[in-house]
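Student: Please find the sequence and the predicted model below.
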Protein chains: 2
Amino acid sequence: MLSEEVIRELKEIVGDEYVVTDPADLYVYGFDASIHHRDADVVVRPHSTEEVSRIVKLANRRKIPIMPRGAGTALAGQAVPVDGGIVIDLQEMNKVLDIRVEDLYVIVQPGVVYAELNKILKPYGFFFPPTPGSASVCTIGGMVAVNASGMRALKYGATRDYVMALEVVLPTGEVVRMGTRTIKNSSGYQLEKLFVGSEGTLGVITEVTLRLQPLPPERAVTIAAFRTLKEAGQGVSNIIADGYLPSALEIMDDVCIDAVNKHKNAGLPQCAGILIVEVEGHKEVVEEDLKRVARILKESGAFQVEYTRDPEEMARIWSARSAVLPALSSYGETFVSVSLADDMSVPISKVADAVVAYREIAKKYGFVIGIYGHAGDGNLHTKFLLDPKSEEHWKMAEKAVGEIYDVTLKLGGTVSGEHGIAITKAPYMKKERASVLPLMKKIKEVIDPNNIMNPRKMAYWENGIIQYLRYPVGRK
Amino acid sequence: MLSEEVIRELKEIVGDEYVVTDPADLYVYGFDASIHHRDADVVVRPHSTEEVSRIVKLANRRKIPIMPRGAGTALAGQAVPVDGGIVIDLQEMNKVLDIRVEDLYVIVQPGVVYAELNKILKPYGFFFPPTPGSASVCTIGGMVAVNASGMRALKYGATRDYVMALEVVLPTGEVVRMGTRTIKNSSGYQLEKLFVGSEGTLGVITEVTLRLQPLPPERAVTIAAFRTLKEAGQGVSNIIADGYLPSALEIMDDVCIDAVNKHKNAGLPQCAGILIVEVEGHKEVVEEDLKRVARILKESGAFQVEYTRDPEEMARIWSARSAVLPALSSYGETFVSVSLADDMSVPISKVADAVVAYREIAKKYGFVIGIYGHAGDGNLHTKFLLDPKSEEHWKMAEKAVGEIYDVTLKLGGTVSGEHGIAITKAPYMKKERASVLPLMKKIKEVIDPNNIMNPRKMAYWENGIIQYLRYPVGRK
């Protein structure tokens, strides 16, 4: 709990109506989209960099933890204030400050919503490509904080590839500008890239300059149905090895297809696995590429390959793909889908091995899992269906998750492709990043000596020993 | 000078024949492609990460400066050992370790030459795009160290956008692995990006995993001639604003055209400025894009627009473009071209303003300058023609350079797009990066507390005050 004096100081900085202290609100602010929870002590909703700086100075002086928060869609616990303190809700800072398509950039405040930004950019013929699953609600600041991406990363890259410049309030309250508004720079350390994916542990992002891409003139979507998940996985690497990088290349397994068909009457072909392939470009290119993709998919074993260029039909397919997560949630009667081993990424050619291995591990523990994701860039999501009230289920799930991460690392992969580490994946990062954790610690300590910025996320040290929060933190 | 004991220890680590102590060799190793020079004290040529680690441990124990060196093509003094010490020549570590086109990556040692790598990748149908001017000799390790790029950055990005993973020997001698071999990751701080462009000040890069791109099926080149440099600059931003990103968009002014025509009999249209535009893709797309580009160029004021799809003719054009630097060197009889304000980058729409302003500044001081560069990404090179023996020339040049940087920053630009800071540009970086230098210093100090890694480059501190080396360092 914070003292009355702190609350009063915060009210002086942002104004009474932008300091949240109602217990019901603080309960809600204690969640993100992960399995963790901890009530916020206080929430402030600043309107300017200057206000953020004053809040951070106050917190640093009094050594109060700070949790910068966007829309709260983080999947690994980034936005859960595990040590309490001040949650800085950045959603009031939601202005698009400058649109410069002729310079290929846009400047935004951190609270701008991803889909809103692309809606604004559309008439100019440009877009910010990453397309996360939470596109319609997530904020740009949050995307920068976790290096978010989504189904367009194979062709277009992740958020890190689009951050040209950042304004950041450091843990001292000092405001610094990183990067440039030029397409490239070699002038000093690329700090703007270091801060991407730092999960609020190094500072508060208050302004983002994003590189833009021109919108493609046309798009089309192919759906290919396979008799085995392994063949579908093989189809993915065959497309890449042929030198073709689709603008989206998604995989869904039988569980996901069934869930979506039931939930949304989506009419996807019921089979072991489907690939959804988006091609784009000039009209003639789309035509040629559709043929090329269909040939490769058939050679990979697809028993049915269909495509559409109808915008409504394409929207229907993408909405079916987006429905995987809600559909899985209501798939079992007592079971809910849980984000545990939910964001593995492997080298592209290992997608087939990975999906087969994940399925076997789940089977061994008697779990139903849904496997889907951005197969084109090797990023696979699995959702466990379990009874969240069963301690035994949680214990078994923890074992299964450990094995899934082990096989992912054995295949040359990573425990997080796009969701980040925070709490849920912290214990597993040690295996992947053992050699580099001491260096991360040094950088964290030198930038944030009082450890006020989103403490105990990713990894933390006690008595010189690395520690992790156990999951699920606080959730009842 | 280093003690006999140090030399003996180095010989024990890498073998007698890989320790260079001959004064003539040490003199040569004291140069890079910049205006600076300082004899090396000793050069070692290791063959493995383990040898590098042992060298660094020795240097750290004895607090001897280390200068990691690739091919020595750095343009701002990165590879000049200003404080002497040990130059680590990484050219013996020149193996391509793994080619995984199906996973879109290649693993190389730092001494692999850029053009050699692309020659090896070509039969697979893939390439590593940045294409620096020194492509035929520069090493991958050096490219990572300065975040090198070149004429393909607009469409394809710079080296930082291709570094998936690094193996680095830290200043303690510890070997760490950063990044992943997956297309994207959100697992911990993106240290692999922080080390790109760190100019040898944070560690020695011993292995690089690079993302690959498929080669385009076809390419074509358009040359447009303009009556004013401003119109040429306007042509650049008109192409981008139209939503078209060419794979190369180069500018050359009248001085550069004249120099190249005389030097190589290149036959380029003699005029105030030309744009060279490369388009690529499917055959039909190339045809359509050539028309689109020609239309925009004519609307921008080009009085002549010609294109070619003949590979030999295209090679001839690119070799004329590459000849700018040597051609300018022999352009005047007593004057040589000097790299001073040679790597400014501005927002794309400011290219026209920048070239006009640079020309005016040069005129004011009575200098002839050649302006050329990667206009499509806003990166402009200027070469001063001056008498290097004239103190007055150096003094005037320093003034002119200061003004060029001032106008660059005023236009929203940076003092380095692709060559880096090192010595030549260090004094000017303070204006650009004032707010972020203390953070750079903290990171440098915590990673390299004994300050052995390429000391006094970019910026350094004495008695708490920021200092820079004066140029030209040591050159007589």
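Tutor: Alright, I've got the coordinates.
Student: Quick check: buried residues in the worst-scoring helix or strand of chain A on mean pLDDT?
Tutor: Lowest mean confidence among the helices and strands of chain A (mean pLDDT, DSSP states H and E): strand A:336-338, at a mean of 73. By 16 or more other C-beta atoms under 10 Å in any protein chain shown, the buried positions in strand A:336-338 come out as A:336, A:337, A:338. Just so you know, the C-beta spots here come from the backbone N, C-alpha and C atoms, and that holds for glycine as well.
Student: which other residues reach the next helix or strand after that strand?
Tutor: Downstream of strand A:336-338, the next assigned helix or strand under DSSP states H and E is strand A:344-345. With contact meaning C-beta atoms under 8 Å, 6 or more residues apart in numbering or on different chains, strand A:344-345 is reached by A:354, A:358, A:377-382, A:404-405, A:408, A:413-418, B:180, B:182-185.
Student: Mark which of the residues you listed are part of helices, please.
Tutor: Among the contacts of strand A:344-345, the members falling in helices (DSSP state H) are A:354, A:358, A:404, A:405, A:408.
Student: In this model residue A:382 seems to touch the second one, though I could be wrong.
Tutor: Spelled out, that is residue A:358. Yes - using C-beta atoms under 8 Å, residue A:358 is in contact with residue A:382, at 5.4 Å.
Student: mind giving me the domain ranges of chain A?
Tutor: Residue ranges for the domains of chain A, per automatic domain parsing: A:4-89, A:96-214, A:218-410.
Student: what about the second one, start to end distance?
Tutor: Pointing back at domain A:96-214 there. This stretch, domain A:96-214, spans 18 Å end to end (C-alpha to C-alpha, to the nearest Å).
Student: what's the answer for the last one, then?
Tutor: From its first residue to its last, domain A:218-410 covers 39 Å (C-alpha to C-alpha).
Student: where's it relative to the chain centroid, distance-wise?
Tutor: Centre-to-centre, domain A:218-410 and its host chain are 17 Å apart (C-alpha atoms, centre = their mean, to the nearest Å).
Student: mean confidence score for stretch A:293-301?
Tutor: Stretch A:293-301 comes out with an average pLDDT of 97.
Student: err, stretch A:211-229, not the other one
Tutor: Per-residue scores along stretch A:211-229 average to 97.
Student: hmm, it touching chain B?
Tutor: Yes - under the criterion of C-beta under 8 Å from any C-beta of the partner chain, stretch A:211-229 makes contact with chain B via A:213, A:214, A:215.
Student: mind checking how far residue A:311 is from chain B?
Tutor: 19 Å (C-beta to the nearest C-beta, to the nearest Å).
Student: Report pLDDT for that residue.
Tutor: Taking residue A:311 on its own, its pLDDT is 95.
Student: go on, the one 4 residues further on?
Tutor: The per-residue pLDDT reported for residue A:315 equals 94.
Student: Confirm it sits in a helix?
Tutor: Yes - Residue A:315 sits within a helix when classified using DSSP: H, G, I helix; E, B strand; the rest coil.
Student: burial of it, as a residue count?
Tutor: Counted by other C-beta atoms under 10 Å in any protein chain shown, the residues lying close to residue A:315 total 11.
Student: same check, this time on residue A:309
Tutor: 15.
Student: middle-most residue in chain A, spatially?
Tutor: Centre of chain A computed as the mean C-alpha position; nearest residue by C-alpha atoms, centre = their mean is residue A:419, 3.4 Å away.
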